[in-house]
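1. Sharing a model that was predicted from the sequence below.
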Amino acid sequence: MQNILEQLEARRDSARLGGGQRRIDIQHSKGKLTARERIEVLLDEGSFEEFDMFVAHRCVDFGMEKQKYPGDGVVTGWGTINGRMVYIYSQDFTVLGGSLSETHAGKICKIMDMAIKNGAPVIGLNDSGGARIQEGVAALGGYADVFQRNVLASGVVPQISVIMGPCAGGAVYSPAITDFIFMVKDSSYMFVTGPDVVKTVTNEVVTAEELGGARTHTTKSSVADGAFENDMEALFEVRRLFDFLPLNNREKPPVRPYFDSHSRIENSLDTLIPDNANAPYDMHELVRKLADEGDFFEIQKEFAKNILTGFIRLEGSTVGVVANQPMVLAGCLDIDSSRKAARFVRFCDAFEIPILTLVDVPGFLPGTTQEFGGVIKHGAKLLFAYGEATVPKVTVITRKAYGGAYDVMASKHLRGDFNYAWPTAEIAVMGAKGATEIIYRSDLGDADKIAAHTKDYEERFANPFVAAERGFIDEVIMPRNTRVRVARAFASLRNKQLSNPWKKHDNIPL
Ligand code: HXC
């Protein structure tokens with residue numbers, strides 16, 4: 001008996017060693033943790049339960065029958081993050097470069113099936129050379145099996161991908177379907193075709209880092225939602241994000257103890273808006289002053305900075321924030337900001353996370369680049385996302401809400417539940433100067449007349465009261481009271497029930 005138990009321990013030790021000490025040392029020398037070390041950092045201590053530790057591939061081509069590693073290059077199982085359940089897979093680069101075989105894929109599919117059945121999120125730690133070349137189409141089929149599960153799990157359980165090494169070829173499409181992608185700076189990259197193929201096909205010379213590194217995907221392509229300095233920071237930040245999210249689409253997000261006063265008055269907000277209506281101010285300040293303990297987990301911080309998206313808590317409950325940022329492009333909506341915010345709104349709606357919208361938007365960005373790029377279709381994404389969202393929606397207009405952008409930004413007309421405005425709000429079809437130049441075109445040569453018309457227009461429309469008279473604004477509130485008013489609004493909406501007409505699925509303008 002003792003011998004059998006020892007054999008089990010010996011087998012386990014061998015599996016835990018992955019591709020062997022030499023390859024573990026190489027992994028460490030690149031500043032990377034191993035697959036198992038990453039799981040230890042990510043999950044609560046001692047909570048990890050492993051599956052399929054002894055699974056081995058079945059390939060007999062290219063001498064593969066002599067290269068067997070228990071676990072086959074991916075560690076899978078479940079555990080907890082701050083006591084809440086999560087399924088996890090972590091690819092082991094020390095085993096055949098973390099490449100994905102049919103059996104490796106089977107292990108990932110198994111935990112995904114369990115996650116969907118049991119209603120717990122999936123976190124994938126990706127570090128892989130892609131499809132196991134020796135297996136050919138069997139590996140490709142394995143990828144497709146994973147993709148199919150990513151699709152089925154979408155909107156059912158949150159899915160988070162962390163890219164911690166190479167992720168190339170079709171392998172990128174599994175993370176791409178998940179809700180959030182985070183990358184590690186300087187040690188991870190994602191691309192469909194690598195630098196060599198790019199050189200052959202387009203004659204462009206580009207490094208892997210330039211083509212698909214963390215900086216590229218967080219600032220240019222927006223494929224990734226955030227980038228972190230190293231493995232440890234990435235894993236800690238994923239723990240932080242996880243705490244904001246519900247386990248599945250049938251559960252409310254967790255309510256955490258909070259140490260901030262629910263009646264906190266922020267006098268400084270009364271002077272946040274500059275006297276000059278065209279002067280910028282930092283919308284982060286408002287978000288932080290509303291949030292419990294000033295804690296804001298920002299999503300896509302480095303992309304389309306004219307809009308902010310991310311999570312805060314109000315009285316302990318998760319709230320998704322979408323906010324125009326007057327510091328960048330005057331906070332206008334454009335292709336990138338519309339896409340960024342639309343995806344975020346849809347995530348929140350899918351997972352019952354209430355949405356707070358802070359509005360200071362001068363309209364959509366004009367220009368041929370925008371029109372040729374399809375700003376109509378991309379802007380419609382955000383409009384569609386807000387219009388279909390049934391979660392509690394609270395909106396605060398701090399300053400400008402002009403034109404179509406007024407409608408889009410969670411207006412009353414798109415089923416906003418509470419629509420507040422600060423006294424500094426200007427709700428109009430457009431800015432006063434542009435408006436008078438159109439209405440009084442015949443007076444364009446007379447500067448005095450135009451100035452008088454502009455002043456008149458400003459007096460009539462550069463305020464929140466015309467909208468308030470119509471009930472489009474529920475109440476004009478003091479800036480200093482915004483946290484209290486918004487928190488009370490969300491509290492009153494906890495039992496909100498609203499559903500859309502039956503449909504197979506909608507047809508959002510993709
Ligand atoms: C089998 C692989 C492998 C793969 C790496 N290895 N990738 N084995 N299949 N796809 C093995 C190597 O042979 C090596 O084994 C070990 O992993 C480590 O690889 P190195 O090359 O030594 O590491 P490094 O220098 O860090 O380079 C990593 C790499 C490179 C950039 C990922 O290995 C590479 O370019 N691999 C091939 C990538 C690729 O073309 N994959 C297919 C993509 S197409 P030893 O025994 O020497 O340690 C794809 C299609 C998916 O994935 C389609 C889905 C629809």
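-> The structure has been received and is ready for your questions.
2. Going by C-alpha atoms from here, please, whenever you check contacts or count neighbours.
-> Will do.
3. hey, C-alpha coordinates of stretch 77-87 in PDB?
-> Taking C-alpha atoms only, stretch 77-87 is exported to PDB below (Å, rounded to 0.1, in the frame of the first residue of the first chain):
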ATOM      1  CA  GLY A  77      -8.600  23.000 -12.600                       C
ATOM      2  CA  TRP A  78     -10.600  25.300 -10.300                       C
ATOM      3  CA  GLY A  79     -10.000  27.300  -7.200                       C
ATOM      4  CA  THR A  80     -11.100  30.500  -5.500                       C
ATOM      5  CA  ILE A  81     -10.200  34.200  -5.600                       C
ATOM      6  CA  ASN A  82     -11.200  35.900  -2.300                       C
ATOM      7  CA  GLY A  83     -13.400  32.900  -1.600                       C
ATOM      8  CA  ARG A  84     -15.300  33.000  -5.000                       C
ATOM      9  CA  MET A  85     -15.000  30.100  -7.400                       C
ATOM     10  CA  VAL A  86     -13.200  30.300 -10.700                       C
ATOM     11  CA  TYR A  87     -12.100  27.800 -13.400                       C
END
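4. tell me the mean pLDDT over that stretch?
-> Regarding stretch 77-87, the rounded mean pLDDT is 98.
5. Buried residues of that stretch, list them for me.
-> 77-81, 84-87 (16 or more other CA atoms under 10 Å).
6. Repeat that for stretch 435-455.
-> 435-437, 450, 453-454.
7. Outside of that stretch itself, list whatever touches it.
-> Around stretch 435-455, the neighbours that count as contacts under CA atoms under 8 Å, 6 or more residues apart in numbering are 429, 432-433, 457.
8. how long is it from one end to the other?
-> One end of stretch 435-455 to the other measures 11 Å (CA to CA, to the nearest Å).
9. Flag every residue of this protein that's near the ligand.
-> When proximity is defined as CA under 6 Å from any ligand atom, the chain approaches the ligand at 96-97, 99, 129-133, 140, 143, 166, 168-171.
10. hmm, back to that, nearest to the ligand among the buried residues of stretch 435-455?
-> residue 435 (52.6 Å; CA to the nearest ligand atom).
11. Which strand or helix spans the closest one?
-> Using DSSP states H and E, residue 435 sits within helix 432-439.
12. Spell out the secondary structure type for the closest residue to the ligand within the chain.
-> Nearest residue of the chain to the ligand, counting by CA to the nearest ligand atom: residue 97, 3.1 Å away. Going by DSSP: H, G, I helix; E, B strand; the rest coil, the secondary structure assigned to residue 97 is helix.
13. Which among the residues of the chain next to the ligand count as buried?
-> By 16+ other CA under 10 Å, the residues of the chain next to the ligand give 96-97, 99, 129-132, 140, 143, 166, 168, 170-171 as buried.
14. Now, the residues you listed that are in helices?
-> Applying DSSP state H to those, the entries found in helices are 140, 143.
15. ok, back up a step: any idea how far the residue of the chain closest to the ligand lies from residue 273?
-> For residue 97, the distance to residue 273 - CA to CA - is 54 Å.
16. now do residue 6
-> The spacing between residue 6 and residue 273, counted by CA to CA, is 70 Å.
17. more neighbours, the two?
-> Between residue 6 and residue 273, residue 273 has the larger neighbour count (other CA atoms under 10 Å), namely 20 against 11.
18. any idea of the pLDDT on the more buried one?
-> We have a pLDDT of 96 for residue 273.
19. Over to residue 212?
-> 96.
20. does it really touch residue 189, like I thought?
-> Yes - counting by CA atoms under 8 Å, residue 212 does reach residue 189; the two are 4.8 Å apart.
21. List the contacts of the closest residue to residue 364 other than its chain neighbours.
-> Using CA to CA, 6 or more residues apart in numbering and skipping the chain neighbours, the partner closest in space to residue 364 is residue 333 (4.6 Å). Applying CA under 8 Å, 6+ apart, we find residue 333 in contact with 306-307, 361, 363-365, 379, 405.
22. Can I get those in CSV including neighbour count, secondary structure and pLDDT?
-> Output for the contacts of residue 333, formatted as CSV (neighbours: other CA atoms under 10 Å; DSSP: H, G, I helix; E, B strand; the rest coil; pLDDT from 0 to 100):
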residue, neighbour count, secondary structure, pLDDT
306, 22, coil, 98
307, 31, strand, 98
361, 30, strand, 97
363, 22, coil, 95
364, 20, strand, 96
365, 17, coil, 96
379, 24, helix, 98
405, 24, helix, 96
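23. part of a strand, is residue 161?
-> Yes - the assignment for residue 161 by three-state DSSP puts it in a strand.
24. The longest strand seen in the chain: how far from the chain's middle?
-> Longest strand in the chain, counting residues (DSSP state E): strand 393-402. Here strand 393-402 is found 22 Å from its chain centre; the criterion is CA atoms, centre = their mean, to the nearest Å.
25. Ok, stretch 287-299 next?
-> Distance, stretch centre to chain centre, for stretch 287-299: 16 Å (CA atoms, centre = their mean).
26. And the contacts of that stretch?
-> When contacts are defined by CA under 8 Å, 6+ apart, stretch 287-299 is touched by residues 225-226, 241, 258-260, 266, 308-316, 321, 482-483.
27. Mark which of those residues are part of strands, please.
-> The strands, defined by DSSP E, take in 226, 308-314, 321 from the contacts of stretch 287-299.
28. Neighbours of the closest residue to residue 241 other than its chain neighbours, how many?
-> Counting by CA to CA, 6+ apart, residue 241 lies nearest to residue 297, which is 7.0 Å off, once chain neighbours are set aside. When neighbours are defined as other CA under 10 Å, residue 297 has 18 of them.
29. can you list the buried residues of stretch 77-87 in a markdown table and add secondary structure and distance to residue 399?
-> Converted to a markdown table, these look like this (DSSP: H, G, I helix; E, B strand; the rest coil; distance: CA to CA, whole Å):
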| residue | secondary structure | distance to residue 399 |
| --- | --- | --- |
| 77 | strand | 49 |
| 78 | strand | 47 |
| 79 | strand | 46 |
| 80 | strand | 43 |
| 81 | strand | 40 |
| 84 | strand | 40 |
| 85 | strand | 42 |
| 86 | strand | 42 |
| 87 | strand | 44 |
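30. What ranges does the stretch 351-500 of the chain have for its helices?
-> Listed in chain order, the helices of the stretch 351-500 of the chain (DSSP state H, counting those that start in this stretch) span 368-372, 375-388, 403-408, 432-439, 447-461, 465-469, 482-492.
31. Reformat those as CSV; add distance to residue 149.
-> Shown next, in CSV, are the helices of the stretch 351-500 of the chain (distance: least, CA to CA, whole Å):
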stretch, distance to residue 149
helix 368-372, 35
helix 375-388, 24
helix 403-408, 33
helix 432-439, 51
helix 447-461, 51
helix 465-469, 46
helix 482-492, 34
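32. quick one, which of those helices is nearest to residue 17?
-> helix 375-388 (46.9 Å; CA to CA).
33. That closest one: how far from the chain's middle?
-> On CA atoms, centre = their mean, the centre of helix 375-388 falls 17 Å from that of its chain.
34. What residues of it count as buried?
-> Neighbour-count burial for helix 375-388 [16+ other CA under 10 Å]: 375, 377-388.
35. which one of the buried ones among the residues of the chain next to the ligand sits closest to residue 233?
-> Nearest to residue 233 out of those is residue 166 (CA to CA; 18.2 Å).
36. Give the bridge partners for the closest one, please.
-> Per DSSP bridges, the residues bridged to residue 166 are residue 189.
37. which residues touch the spatially closest residue to residue 379 that is not a sequence neighbour?
-> Spatially, and ignoring its direct neighbours in sequence, residue 379 is nearest to residue 338 (5.3 Å; CA to CA, 6+ apart). Applying CA under 8 Å, 6+ apart to residue 338 gives the contacts 378-379, 381-382.
38. what do you get for residue 81?
-> 42-44, 239, 242-243.
39. Ok, residue 268 next?
-> Shown in contact with residue 268 (CA under 8 Å, 6+ apart): residue 480.
40. Tell me the pLDDT of it.
-> For residue 268, the predicted pLDDT is 97.
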